[in-house]
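Engineer: Below: sequence and its predicted model.
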Amino acid sequence: MNEWSPLSGSSRARPSEVAPRLLVGTRKGLWMLAANAARDDWWISEPAFLGHIVTHVVLDPRDQRTLVAGVSTGHLGPTVFRSHDLGATWTEAARPPAFTTDEALARSLRTVFWLTPGHASEPGVWYAGGSPQGLFRSEDGGDTWAPVSGWNDHPEWTTWAEWPEENTPDGSLLHSLIVDPRDPAHLYLGMSAGGVFESTDRGGEWTPRNDGLATVFTPEVGPNFFHDPHCIRMHPLRPDRLYQQNHCGIYRLDRPEHTWTRIGDNMPNAIGDIGFPIELHPRDPDIAWVFPMDGTDVWPRTSPDGRPAVYITRDGGESWTRLERGLPERGWLTVKRQAMTVDDGDPAGVYFGTTGGEVWSSRDEGASWGALVAHLPEIYAVEPGVPLS
Amino acid sequence: MLVRIPTPLRSYTDQRAVLDADGHTVAEVLFHVDRQFPGLRFRMVDEQNQLRRHMKVFVNDESVRDLETAVSDADVITIMAALSGG
């Protein structure tokens, strides 16, 4: 069983009355934060995989018991671990994600960077994105993985992906694999760098979806690739609506349109529209949250002017409101692309983890904030655990 | 022959630091070890059968990266996680 310690001296609830609500992947292991249904009594687990790099850990929404985690260390190759008891025990995948042996490009997977559960109608299906930018699929709950050949061996892959030179300092990344809740064959993915790509045949063929995206790091706007989406989200209740926090702005796309609209132009000029995460309200497709970062000069990637704030739009990006109550007046915070999330509460809880090892939470959709925990290692991912409802 | 296991891989070997394994090459020895302790090999050798960047293998006192290096029963193979990190 998980061992829970109360946070901030709160201990009204007993451990048996709390459930893992947040899954926190860090550069040095995995921690879970548990809470009661009111979200006013929080507990923290002992670390799992202490010393291991946990890039992503995701709860399977289809059974609400299974966790899948992407794990590596500085020395050892990447792998996947699975838990069928909400993190009490873990088992390594029998065949972790890997490129095809003896393939012409001789790619070697360094990182399992992103995990996405498959469609509700396909229990056991998972997708994994990696570095280099491969896509992998499991049909047995993450125990054995196979390359998605339609992507990894696509004739344009070497053009679309960062290959063979990987210019992203921490390696090229495949992320934001999205499965359309209406159609298990309809997929999107993002690549940093590379762009947004869409498949309508379960990953067999892919089409770039980058019209309208700006680039500030290329000599000219032109190709339908070489873009840098940082995080892409589809609203589950309006799957034609996509939001994107890009290296070059915040965007929205309402399919079947093909051209992204830069809704970040409506952010204050002094703040800009650069960041890593973007998160959506569980019930209202017009509400989204971002955590702006400084994208000027050498790109500090910290809160603009050292004044941390979340920004919310309630009208699909037509306008944005600053949310800072409870956050430090000065602070140079960085929040990575998987490190912000939203729960299913009403009002929705919003959470983010920083590279400085703090997890911040809001129970009122971002109006006010408090620190749940500090002094964790560098946080890579904060994902929702057991739903409140 | 004896195979010495570094601490980062001992979760696979029931914390055993030294194993006994067979093979005519380093690659064969590592496959033999992996049959005893599934999963260990992939953490140190990638899908293209290359030793991972920060892993080292010594045959006696000689560092080798060619996994087809011949070995004999009298050799001692030492797997090492190179000193790095933080």
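Structural biologist: Received, thanks.

Engineer: Flag every residue of chain B that's near chain A.
Structural biologist: B:8-9, B:38-39, B:42-50, B:52, B:54-55, B:81-82, B:84-85 (Cβ under 8 Å from any Cβ of the partner chain). (C-beta placed from N, C-alpha, C; glycine too.)

Engineer: Please indicate which of these are buried?
Structural biologist: Neighbour counting over these (16 or more other Cβ atoms under 10 Å in any protein chain shown) leaves B:8-9, B:39, B:42-47, B:52, B:54-55, B:81 as the buried ones.

Engineer: Look up phi and psi at A:Gly357.
Structural biologist: phi 90, psi 20 (degrees, to the nearest 10).

Engineer: Would you tell me which helix is longest in chain B?
Structural biologist: Assignment by DSSP state H gives helix B:26-36 as the longest helix of chain B.

Engineer: Check which helices and strands that helix sits against.
Structural biologist: In terms of contacts (3 or more Cβ pairs under 8 Å, 6 or more residues apart in numbering or on different chains; DSSP states H and E), helix B:26-36 is packed against helix B:40-44.

Engineer: Could you rerun that using 10 Å?
Structural biologist: strand B:2-4, strand B:18-20, helix B:40-44, strand B:55-59, strand B:76-81 (3 or more Cβ pairs under 10 Å, 6 or more residues apart in numbering or on different chains; DSSP states H and E).

Engineer: and the third one, what does it pack onto?
Structural biologist: Helix B:40-44 sits against helix B:26-36, strand B:55-59, strand B:76-81, with contacts defined as 3+ Cβ pairs under 10 Å, 6+ apart.

Engineer: so where's chain B shaky on pLDDT?
Structural biologist: B:83-86 (pLDDT under 70).

Engineer: Same check on the stretch 101-250 of chain A?
Structural biologist: Low-confidence segments of the stretch 101-250 of chain A (pLDDT under 70): A:217-223.

Engineer: What ranges does it have for its helices?
Structural biologist: For the stretch 101-250 of chain A, the helices defined by DSSP state H, counting those that start in this stretch occupy A:149-152, A:157-160.

Engineer: List of residues touching the first one?
Structural biologist: Counting by Cβ atoms under 10 Å, 6 or more residues apart in numbering or on different chains, the neighbours of helix A:149-152 from elsewhere in the structure are A:99-100, A:103, A:105, A:107, A:127, A:129-130, A:132-137, A:146, A:157, A:160-161, A:174, A:177, A:187, A:189, A:197, A:199, A:201-206.

Engineer: show me where the stretch 201-350 of chain A has strands.
Structural biologist: Listed from the start of the chain, the stretch 201-350 of chain A has strands (DSSP state E, counting those that start in this stretch) covering A:207-208, A:229-235, A:238-246, A:249-254, A:275-280, A:288-292, A:310-313, A:321-323, A:340-342, A:350-353.

Engineer: Run a quick neighbour tally on A:Asp315.
Structural biologist: The criterion is other Cβ atoms under 10 Å in any protein chain shown. On that basis, A:Asp315 has 11 neighbouring residues.

Engineer: Tell me who's in contact with it.
Structural biologist: With contacts defined as Cβ under 10 Å, 6+ apart, A:Asp315 is in contact with A:263, A:266, A:286-287.

Engineer: Quick check: the gap between the residue positioned nearest the centre of chain A and A:Val54.
Structural biologist: Nearest to the mean C-alpha position of chain A, by Cα atoms, centre = their mean, lies A:Gln338 at 2.9 Å. A:Gln338 is 10 Å from A:Val54, where distance means Cβ to Cβ, to the nearest Å.

Engineer: Filtering the contacts of helix A:149-152 by proximity to chain B, which remain?
Structural biologist: Checking the contacts of helix A:149-152 against chain B by Cβ under 10 Å from any Cβ of the partner chain, the ones in range are A:99-100, A:103, A:105, A:107.

Engineer: Check what pLDDT A:Gly9 gets.
Structural biologist: Taken from the predicted model, the pLDDT recorded for A:Gly9 is 62.

Engineer: want to throw the helices and strands packed on helix B:26-36 into JSON lines with distance to A:Asp153?
Structural biologist: As requested, those are exported to JSON lines (distance: least, Cβ to Cβ, whole Å):
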{"stretch": "strand B:2-4", "distance to A:Asp153": "36"}
{"stretch": "strand B:18-20", "distance to A:Asp153": "37"}
{"stretch": "helix B:40-44", "distance to A:Asp153": "21"}
{"stretch": "strand B:55-59", "distance to A:Asp153": "28"}
{"stretch": "strand B:76-81", "distance to A:Asp153": "32"}
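
Engineer: Highest mean neighbour count out of those?
Structural biologist: Among the helices and strands packed on helix B:26-36, helix B:40-44 has the highest mean neighbour count (mean count of other Cβ atoms under 10 Å in any protein chain shown), at a mean of 22.

Engineer: who touches it?
Structural biologist: Outside helix B:40-44, the residues that touch it by Cβ under 10 Å, 6+ apart are A:72-73, A:75-79, A:92-93, A:95-96, A:98, B:5-6, B:8-13, B:19, B:27, B:30-35, B:49, B:51-52, B:54-57, B:79-81.

Engineer: Grab the nearest non-local neighbour of A:Pro117.
Structural biologist: Counting by Cβ to Cβ, 6 or more residues apart in numbering or on different chains, A:Asp60 is the residue found nearest to A:Pro117 once chain neighbours are left out, at 5.2 Å.

Engineer: list the contacts for that neighbour?
Structural biologist: Residues counted as contacts of A:Asp60 (Cβ under 10 Å, 6+ apart) are A:66-68, A:82-84, A:115, A:117-118, A:123-124, A:126, A:141-142.

Engineer: now, among the residues you listed, which is nearest to A:Glu166?
Structural biologist: Checking the contacts of A:Asp60 against A:Glu166 by Cβ to Cβ gives A:Leu115 as the nearest, at 20.8 Å.

Engineer: Can you check what pLDDT the model gives the nearest residue to A:Thr144 once chain neighbours are set aside?
Structural biologist: Beyond its immediate neighbours in the sequence, the residue positioned closest to A:Thr144 (Cβ to Cβ, 6+ apart) is A:Arg95, lying 4.0 Å away. In the prediction, the pLDDT value recorded for A:Arg95 is 98.

Engineer: I'd assumed A:Asp143 was in contact with A:Arg95.
Structural biologist: Yes: at 7.4 Å, A:Arg95 counts as touching A:Asp143 under the criterion of Cβ atoms under 10 Å.

Engineer: Right, I'll call it a day here.
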